[in-house]
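A.B. asks: my questions are about this predicted structure, shown below with the sequence.
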Amino acid sequence: MNEIKVAVLGSEGVGKSALIVRFLTRRFIGEYASSSECIYRKRLSVDGKPINLQLYDPCSQAYEGRSTVNEQIQWAHGFIVVYDISDRSSFLTAKAIVHLIRELGLGTGKRNVDSLIFLVGNKQDLCHMREVRREEAQCLAAECRCQFYELSAAEHHQEVALIFFKMVQNANVGSKAKERRRRPSGSMAKLINNVFGKRRKSV
């Protein structure tokens, strides 16, 4: 079975966990806080082939810069970088993360990360409080050659699911000839097999 690893990154409070839980369970959780990272697992069928998907969620921990993202780049096949359209500082953090993924990912010479970075503007339901113009995010995505989406995890289950399935398809194509990657070490090593972590069972 092919294994695809996706890191969902961004500032605290942008809705990273909400997007993941929405995808895994169809439910929306408005408030989600945890002091530890999680890796969720889900089995999918892509083009008729089974895929074991792992989703890394830093939960409520703050973005910690180059060393942390470098570890995530070595682990992940693809990246979903999330910001809150009503919080400009979260967009600036997302921009820094995207640039760092580009710099570190392309610098290794090991793989081409084109189409494996998705920039996602969340909380579209708060458009009346918008601080980040859609056009500005589109320009960033074009500059860094990533795919761009804007949605609301609270309202758009189908759009959320589409993002994850597209990422899996792209990462699956890009990872076929790649060597098997190691599990994240240190603070990323905690493994949670379902949304609430109470049973060792894949979602």
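C.D. replies: Perfect, I can see it now.

A.B. asks: residue 171 and residue 81, how far apart?
C.D. replies: Plainly put, residue 171 is 14 Å away from residue 81 if you go by C-beta to C-beta, to the nearest Å. Quick note: C-beta positions are derived from backbone N, CA and C, even for glycine.

A.B. asks: what's the answer for residue 172, then?
C.D. replies: Using C-beta to C-beta, one obtains 20 Å as the distance from residue 172 to residue 81.

A.B. asks: and the helices in the protein?
C.D. replies: Counting by DSSP state H, the chain has these helices, from start to end: 16-25, 66-75, 88-108, 134-143, 157-175.

A.B. asks: any idea how far the longest one is from the middle of the chain?
C.D. replies: The chain centroid and the centroid of helix 88-108 are separated by 13 Å, computed with C-alpha atoms, centre = their mean, to the nearest Å.

A.B. asks: and that helix, what's buried?
C.D. replies: For helix 88-108, the buried set under the neighbour-count rule, 16 or more other C-beta atoms under 10 Å, comprises 90-91, 93-98, 100-102, 104-105.

A.B. asks: what residues does it touch?
C.D. replies: The set of residues that contact helix 88-108 without belonging to it, under C-beta atoms under 8 Å, 6 or more residues apart in numbering, is 9-11, 13-14, 63, 66, 69-70, 73, 79, 81-85, 111-113, 117, 119, 121, 131-132, 136-137, 140, 144-146.

A.B. asks: then the last one?
C.D. replies: Helix 157-175 has contacts (C-beta under 8 Å, 6+ apart) with 2, 4-6, 19, 22-23, 26, 28, 44, 46-47, 51, 53, 55, 77-78, 80, 111-112, 115-116, 118, 120, 147, 149, 151, 153.

A.B. asks: can you check the fourth one too?
C.D. replies: The set of residues that contact helix 134-143 without belonging to it, under C-beta under 8 Å, 6+ apart, is 83, 85, 91, 95, 98, 119, 121, 146-148, 150.

A.B. asks: how about a cut-off of 7 Å?
C.D. replies: Defining contact as C-beta atoms under 7 Å, 6 or more residues apart in numbering, one finds that helix 134-143 is touched by 91, 95, 98, 119, 121, 147-148, 150.

A.B. asks: one more: the first one?
C.D. replies: The contact list for helix 16-25, computed with C-beta under 7 Å, 6+ apart, reads 8, 10, 27-29, 32, 40, 42, 55, 57-59, 82, 122, 153, 157, 160-161, 164, 195, 203.

A.B. asks: which of these count as buried?
C.D. replies: Listed as buried from these are 8, 10, 28, 40, 42, 55, 57-59, 82, 122, 153, 157, 160, 164, 195; burial here means 16+ other C-beta under 10 Å.

A.B. asks: still on that earlier bit, more neighbours: residue 172 and residue 81, which one.
C.D. replies: Neighbours of residue 172 and residue 81, each counted by other C-beta atoms under 10 Å, are more numerous for residue 81; the result is 26 against 20.

A.B. asks: hey, what's that one bridged with?
C.D. replies: Per DSSP bridges, residues listed as beta-bridge partners of residue 81: residue 9, residue 119.
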